[in-house]
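J.: quick one, fold the following:
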Amino acid sequence: MLIEIQCDKFAPEHQIIRFNSGLNTVLGSAGGSNAIGKSTFLWIIDYVFGGESYYSLTDDIKKEIGPHTIYFTFEFEGQPYYFYRSTDDPKSVYRIDKERHFITKLTLDEFRRFLFQEYKIGLPALTFSEITERFFRIYGRENTLEKYPLLVKPREQDEKAVDFLLKLFGHYKILASIKFMEEELGIKASQLKSRQRQKVDIDKIESNQKTIESLRKRLQKLMKNSEEAQLAMFGFDTQTFERITAVQKELNSIIRKRNRLQSQLNAIKSNITDSKAETASEFESLLRFFPNANLKAFEEIEHFHIKIREILGEEMDQEIYRLQPLIEEYDKEIRRLNRKIEESGIAKEMSERVLSQCVNVSKSIDRLEEETAELIHQKELQDARAEAEQKLEKLLLQQTEKLGEIQDDINLRMETINGVVTDKQETAPLLYITPQKDIIFETPGNTSEGTAFKSLVVYDLSVLELRPIPAIIHDSNILKRIEDVHLEHILERYQSTKHQVFIAFDKADSTTEKAHRILEETAILRLSDGNELFGRSWSKYETND
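T.: Numbering: from 1, shown residues only. Coordinates of the predicted model:
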């Protein structure tokens with residue numbers, strides 16, 4: 001847990017701020033003054049948890065305070081850990097000892113991984129900041145919209161928020177498997193039902209096979225029927241004719257083998273051509289709609305795909321290298337056998353009509369065999385794709401089941417917490433996630449602003465109690481809209497949680513007596529006009545600080 005923050009730029013009475021294990025309140029004055037540092041201090045808490053928005057959110061602090069250092073201490077299992085971050089080196093975190101002697105320098109990511117480990121989050125599919133950015137709700141961050149508590153920002157797609165929940169509840173393997181199958185098939189899971197499947201004509205395969213068999217019988221008949229007549233006409237003995245016939249059969253066999261190898265070679269060359277991907281224009285299109293998209297992540301994924309294609313390309317080149325000499329050897333053998341037949345003299349002396357028929361029938365057989373082999377290959381691909389699609393559909397069904405479990409767990413916990421908060425006088429908020437990952441979050445029969453913000457808090461508390469969330473932050477713009485009678489019970493829930501909760505609040509004396517007492521007891525920082533965080537106020541335009 002966070003136990004202390006220090007900064008010599010704070011006002012003298014605020015330079016050391018210590019925290020409680022449960023609720024920690026940044027308390028404003030009775031007049032509800034703004035521009036005194038409440039939200040700013042919440043941003044500083046976010047900063048010591050590895051956030052990056054403090055000091056870069058506005059130019060006011062840079063201009064009025066300038067570079068400064070935040071010292072802070074975490075404690076895990078009784079062991080204190082001392083750190084500091086300087087605003088002029090925001091990507092680094094320095095570990096020190098109690099006397100502020102330097103121990104080591106950490107990158108921001110290394111520090112986040114440290115917190116991830118010490119808070120025992122145990123969800124390798126998520127990073128520490130992916131969790132905190134959804135539950136640290138501070139004025140100025142886009143996650144404070146009361147009607148969309150699951151979204152980190154209004155423009156975020158529902159699917160991304162749902163995927164976050166799947167990871168948070170330990171179901172990343174299903175997500176990863178679905179993504180792998182989508183890449184394998186080249187389509188999104190949502191396109192499965194609408195996709196037009198190209199079917200291989202099985203009847204054509206059977207028809208070709210029957211025709212091939214018929215043509216082979218016809219060829220045999222042609223050769224047999226012409227045998228005696230041709231031998232008698234040209235005076236060949238049976239032994240000579242049989243020898244030449246054997247050569248012709250060998251030639252036909254070699255031609256078929258050579259054609260099959262050529263088909264394989266053509267297919268490999270075609271795959272090499274098709275495997276070249278152009279994604280730069282797609283990434284540029286993405287930026288037009290999502291200017292904040294993390295293109296680096298997409299580029300890293302594409303770089304991985306390019307490496308895979310390079311490996312496959314090398315394997316294809318090796319296969320081409322293997323097939324080409326074989327085809328050339330077959331071509332040489334075909335030429336040799338053709339010369340042997342020509343040298344025998346029988347080809348010149350046989351009836352042109354019979355010979356032409358034999359050649360045409362042989363060509364038809366070769367063509368049909370090649371066509372049938374390709375159809376069989378396509379059928380194998382079709383069967384493999386159908387099997388993959390069935391696997392993807394099964395994964396999607398499992399995902400829907402897990403989403404149903406997550407939805408039920410959250411709704412059940414929200415019903416419990418809401419019952420405590422409203423003394424079972426009002427309906428609880430409901431979360432519904434469709435199989436298509438659309439989110440519906442509402443409080444049936446109550447669309448008031450106060451209820452919406454209360455439901456947001458109930459949702460956060462539910463997830464906090466169900467999953468390893470390190471802490472939550474709720475700014476005053478959320479809490480001040482909740483009815484006093486509900487706020488009292490929310491503060492009690494905050495206070496009883498095993499996790500740290502950081503809130504900002506003003507006008508404590510306008511709440512119920514019990515709520516006022518809780519706010520006073522949990523106040524770790526008291527601010528007011530003339531008692532600002534940095535000792536002075538410089539902004540008259542700030543509306544929620």
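J.: dig out what His474 forms beta bridges with.
T.: Arg137, Ile503 (DSSP bridges).
J.: ok, now Leu27?
T.: Phe505, Arg526.
J.: need the contact list for it.
T.: Contact partners of Leu27, counting by Cβ atoms under 8 Å, 6 or more residues apart in numbering, are 505-506, 508, 519-520, 523, 525-527. (Glycine included, C-beta is placed from N, CA and C.)
J.: kindly report the same for Ile16.
T.: Ile16 neighbours (Cβ under 8 Å, 6+ apart): 4-6.
J.: can you pick the most crowded of those?
T.: Counting neighbours by other Cβ atoms under 10 Å, Ile5 comes out on top of the contacts of Ile16 with 23 neighbours.
J.: so it is in contact with Ile17, correct?
T.: Yes: here Ile5 reaches Ile17: they are 4.9 Å apart, a contact under Cβ atoms under 8 Å.
J.: closest one of the contacts of Ile16 to Ala428?
T.: Ile5 (35.7 Å; Cβ to Cβ).
J.: lowest pLDDT pick from the contacts of Leu27?
T.: On pLDDT alone, Ala508 ranks lowest of the contacts of Leu27, at 75.
J.: for this protein, just list every one of the strands.
T.: 2-6, 16-18, 23-27, 69-76, 79-86, 92-96, 102-107, 136-137, 430-433, 439-442, 471-474, 500-505, 523-526 (DSSP state E).
J.: lowest-confidence helix or strand of this protein?
T.: Ranked by mean pLDDT, DSSP states H and E, the weakest helix or strand in the chain is helix 346-349, scoring a mean of 54.
J.: now the helices for the stretch 201-350 of the chain?
T.: 202-234, 238-274, 280-289, 295-344, 346-349 (DSSP state H, counting those that start in this stretch).
J.: by mean pLDDT, show me the worst of those.
T.: Across the helices of the stretch 201-350 of the chain, helix 346-349 gives the lowest mean pLDDT, at a mean of 54.
J.: near the closest residue to Val361 other than its chain neighbours, how many other residues are there?
T.: Closest residue to Val361 apart from its sequence neighbours, by Cβ to Cβ, 6 or more residues apart in numbering: Leu219 at 4.7 Å. Using other Cβ under 10 Å, Leu219 is surrounded by 20 other residues.
J.: what sits against Leu219?
T.: 358, 361-362, 365.
J.: kindly report the same for Lys105.
T.: Counted by Cβ under 8 Å, 6+ apart, Lys105 has contacts 92-95.
J.: stretch 39-52 - what's its average pLDDT?
T.: pLDDT averaged over stretch 39-52 gives 95.
J.: what does it contact?
T.: Contacts for stretch 39-52 (Cβ under 8 Å, 6+ apart): 2, 5, 7, 17, 26, 53-55, 57, 61, 70, 72, 83, 85, 90, 93, 108, 111-112, 115, 128-129, 132-133, 136, 138-140, 470-471, 473, 475-476, 502, 504, 525, 527, 533, 544-545.
J.: can I get the strands of the chain in a markdown table with distance to Glu369?
T.: Below are the strands of the chain laid out as a markdown table (distance: least, Cβ to Cβ, whole Å):
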| stretch | distance to Glu369 |
| --- | --- |
| strand 2-6 | 75 |
| strand 16-18 | 84 |
| strand 23-27 | 80 |
| strand 69-76 | 72 |
| strand 79-86 | 73 |
| strand 92-96 | 69 |
| strand 102-107 | 63 |
| strand 136-137 | 68 |
| strand 430-433 | 54 |
| strand 439-442 | 56 |
| strand 471-474 | 70 |
| strand 500-505 | 74 |
| strand 523-526 | 84 |
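J.: done for today, thanks.
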